[in-house]
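# generate a structure from the sequence data that follows.
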Amino acid sequence: MISKKTILSYCFISFFLIIFSQFSYSQEKKDTTLFKANFFEIEDPVDLTLIFNVTKLKRTKDDENYMPGTLEFFNADSIKIYKNIRVRARGFARKKQCNLPPFLINVNDTSISREFIAGAKKIKVVSDCNSSNTYREYVLKEFLAYKIFNILTDNSFRVRLVDLKLVDTGRKNRESTSLVFIIEPEELLAQRLNSVPIKINNLNFHQIEASTTDMMSFFQYLIGNTDFAIVKRHNVKLLLSNDFQENKPYAVPYDFDYAGLVNTFYAVPDELFGIKDVKQRYYRGMCRTDAEFQELIDYYLEKEDELLSLISSFEYLEEKPKKEVLDYIEQFYLELKDPDFIEKIRKSCKQ
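Have a look, this model is predicted:
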């Protein structure tokens with residue numbers, strides 16, 4: 001039985017988290033606007049042009065300073081908009097492996113029209129890293145990982161494909177185009193979910209809301225991803241609901257380039273897990289009762305056809321890599337239907 005002291009402790013922690021987060025959020029939020037409210041609900045790629053010194057970004061990938069640039073896009077009235085932005089590289093592993101790593105677009109311009117939604121300060125762009133079909137496939141497979149999680153839960157980052165034109169001012173305005181994607185900014189995610197971001201690094205699985213944690217853990221197992229952690233918020237964002245009905249924050253994952261579903265050549269699993277490569281699945285969620293695990297299994301089984309349909313109908317991925325993704329998901333469902341599946345994941349779940 002939970003003691004009165006424990007209950008009061010939880011209440012105090014929850015009150016602190018809410019007050020701290022709302023204060024922090026209000027301090028960080030600026031009048032920066034960009035995309036319409038339904039921007040991440042549209043399936044077709046959007047055309048964007050970025051004009052900046054791409055050559056310098058490639059050369060100074062580890063520099064945390066932003067460099068100036070210009071963003072071009074069309075508004076709802078088909079009028080071309082030019083906006084000043086700032087750009088810098090992001091990511092850890094991909095800075096080492098990529099010629100052009102993922103990067104952040106920093107939007108801090110109060111002149112952007114009020115017809116666009118407020119709150120987007122930093123926009124993450126996942127680029128094709130290097131110029132080859134293999135890297136293009138990595139981008140599209142990671143995009144599908146986000147879309148899979150969108151089907152499973154609303155507590156997920158939305159993504160949008162972008163036909164991106166880069167104009168490199170460092171090479172006499174040399175142009176290049178590629179299909180990339182952008183990730184819903186954290187501020188917009190929080191607004192959509194009526195939540196606030198939590199910037200605390202020392203929480204663990206026991207201090208995170210259980211149902212969303214389990215949903216995320218099953219998803220990470222589905223895509224074969226072990227590259228995440230609640231502590232230090234490694235590849236997860238923590239949010240706390242504004243409705244005060246839940247006193248624990250919940251986790252929303254991102255960055256799936258180390259997942260077996262994507263299977264990048266540079267992805268290597270941590271030796272701690274004892275698996276040979278990232279395509280080998282390893283469950284990193286909490287241990288639950290058989291009934292709780294079965295409820296998750298049943299939910300994922302209900303989503304099987306929808307997930308496979310998403311992948312089968314994805315027109316931007318060639319047939320061979322598409323089949324690789326389909327085979328990997330189907331393998332997950334074969335495991336899920338095995339009567340011994342719960343016992344299998346009990347071998348690695350957290351007590």
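
# alpha carbons of stretch 255-275, as PDB, please.
Extracted in PDB, the C-alpha atoms of stretch 255-275 (Å, rounded to 0.1, in the frame of the first residue of the first chain):
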ATOM      1  CA  ASP A 255      15.700  10.300 -34.100                       C
ATOM      2  CA  PHE A 256      15.500   6.700 -35.400                       C
ATOM      3  CA  ASP A 257      18.500   6.400 -37.600                       C
ATOM      4  CA  TYR A 258      19.900   3.700 -35.300                       C
ATOM      5  CA  ALA A 259      16.800   1.600 -35.700                       C
ATOM      6  CA  GLY A 260      17.000  -1.800 -37.400                       C
ATOM      7  CA  LEU A 261      14.100  -0.700 -39.700                       C
ATOM      8  CA  VAL A 262      16.400   2.100 -41.100                       C
ATOM      9  CA  ASN A 263      19.600   0.000 -40.800                       C
ATOM     10  CA  THR A 264      22.100   2.600 -41.500                       C
ATOM     11  CA  PHE A 265      25.600   1.300 -42.100                       C
ATOM     12  CA  TYR A 266      27.000   3.300 -39.200                       C
ATOM     13  CA  ALA A 267      24.400   2.100 -36.600                       C
ATOM     14  CA  VAL A 268      26.000  -0.100 -34.000                       C
ATOM     15  CA  PRO A 269      24.100  -1.300 -30.900                       C
ATOM     16  CA  ASP A 270      25.500  -0.700 -27.400                       C
ATOM     17  CA  GLU A 271      27.500  -3.700 -26.200                       C
ATOM     18  CA  LEU A 272      25.400  -3.600 -23.000                       C
ATOM     19  CA  PHE A 273      22.500  -5.200 -24.800                       C
ATOM     20  CA  GLY A 274      24.400  -8.200 -26.100                       C
ATOM     21  CA  ILE A 275      23.000  -8.000 -29.700                       C
END
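
# now the end-to-end length of stretch 72-83.
One end of stretch 72-83 to the other measures 7 Å (C-alpha to C-alpha, to the nearest Å).

# now it: average pLDDT?
Taken as a whole, stretch 72-83 carries a mean pLDDT of 81.

# can you pull the buried residues of it?
Neighbour-count burial for stretch 72-83 flags 73, 83 (criterion: 16 or more other C-beta atoms under 10 Å). Backbone N, C-alpha and C define where each C-beta goes, glycine included.

# now do it: distance to the chain's middle.
27 Å (C-alpha atoms, centre = their mean, to the nearest Å).

# same question, stretch 49-61
With C-alpha atoms, centre = their mean, you get 23 Å for stretch 49-61.

# ok, and for it, which residues are buried?
So, applying 16+ other C-beta under 10 Å, buried residues of stretch 49-61: 49-54, 57, 61.

# and stretch 63-71, by the same measure?
Of the residues in stretch 63-71, those buried (16+ other C-beta under 10 Å) are 66-67, 69, 71.

# ok, so of these, who is nearest Val231?
Tyr66 (28.6 Å; C-beta to C-beta).

# excluding its backbone neighbours, what's nearest that closest one?
In space, and not counting its chain neighbours, Tyr66 is closest to Arg86: 3.6 Å by C-beta to C-beta, 6 or more residues apart in numbering.

# one more: Glu335?
Phe341 (5.7 Å).
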